[in-house]
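In: Can you look at this prediction? I've put the sequence above it.
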Amino acid sequence: ATLHDNMVTIATAYADFNKSTNANDASSALTKMRMAALDSKTSKPNKLKNQPDHSADVKAYQAGLDQLVAEIDKTSGLVKANQLAQAKVEGKNLLNIRNENHKKFK
Ligand code: HEM
């Protein structure tokens, strides 16, 4: 998918996660978010269009997505432990990661 489509998927899945009322729905939303985050690593944002794939900036962009995946996994762990309310508190960190990376790359 394009980066744009992956970002829309991440945003929709994040909203679905926050609205979820059971572990199944929460997990399925987090899984969608995770797949779109990993797929985003195969794109380069427009801001970095002229940077080579191995450049420090492109690596920093990919590291931001890895950080998002790590936080998704932490959140998923709480869902799997049947702690949906706590998972939603943890999931707010996803927005901090978004904000930091949007500042740099969007
Ligand atoms: C929960 C986390 C995140 C959410 C909800 C989110 C959501 C979005 C949304 C809604 C857009 C605008 C899409 C559009 O209309 O074009 C966008 C764009 C973008 N996001 Fe994210 N994002 C998240 C995390 C990240 C992370 C971690 C990175 C980078 C490491 C990132 C990089 C970008 C970039 C580069 C764009 C501009 C895309 C382009 O070139 O068109 N985002 N994001």
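Out: Yes, it's here.

In: Quickly find the element holding the closest residue to residue 64 other than its chain neighbours.
Out: On the basis of C-beta to C-beta, 6 or more residues apart in numbering, the spatially nearest residue to residue 64 that is not a chain neighbour turns out to be residue 101, at 3.9 Å. For glycine as for every other residue, the C-beta is placed from the backbone atoms N, C-alpha and C. Here residue 101 sits within helix 84-105, counting by DSSP states H and E.

In: Check which helix or strand the residue of the chain found nearest the ligand maps to.
Out: Among the residues of the chain, residue 64 lies nearest to the ligand; the distance is 2.8 Å by C-beta to the nearest ligand atom. Residue 64 is located in helix 56-80, with elements delineated by DSSP H and E.

In: What are the buried residues along that helix?
Out: Residues of helix 56-80 classed as buried: 57-58, 61, 64-65, 67-69, 71-72, 75-76, 78-79 (neighbour count, 16 or more other C-beta atoms under 10 Å).

In: Next one: the residue of the chain most remote from its centre relative to residue 9, how far apart?
Out: Ranked by distance from the centre of the chain (C-alpha atoms, centre = their mean), the top residue is residue 50, with 24.1 Å. Computed as C-beta to C-beta, to the nearest Å, the residue 50 to residue 9 distance reads 26 Å.
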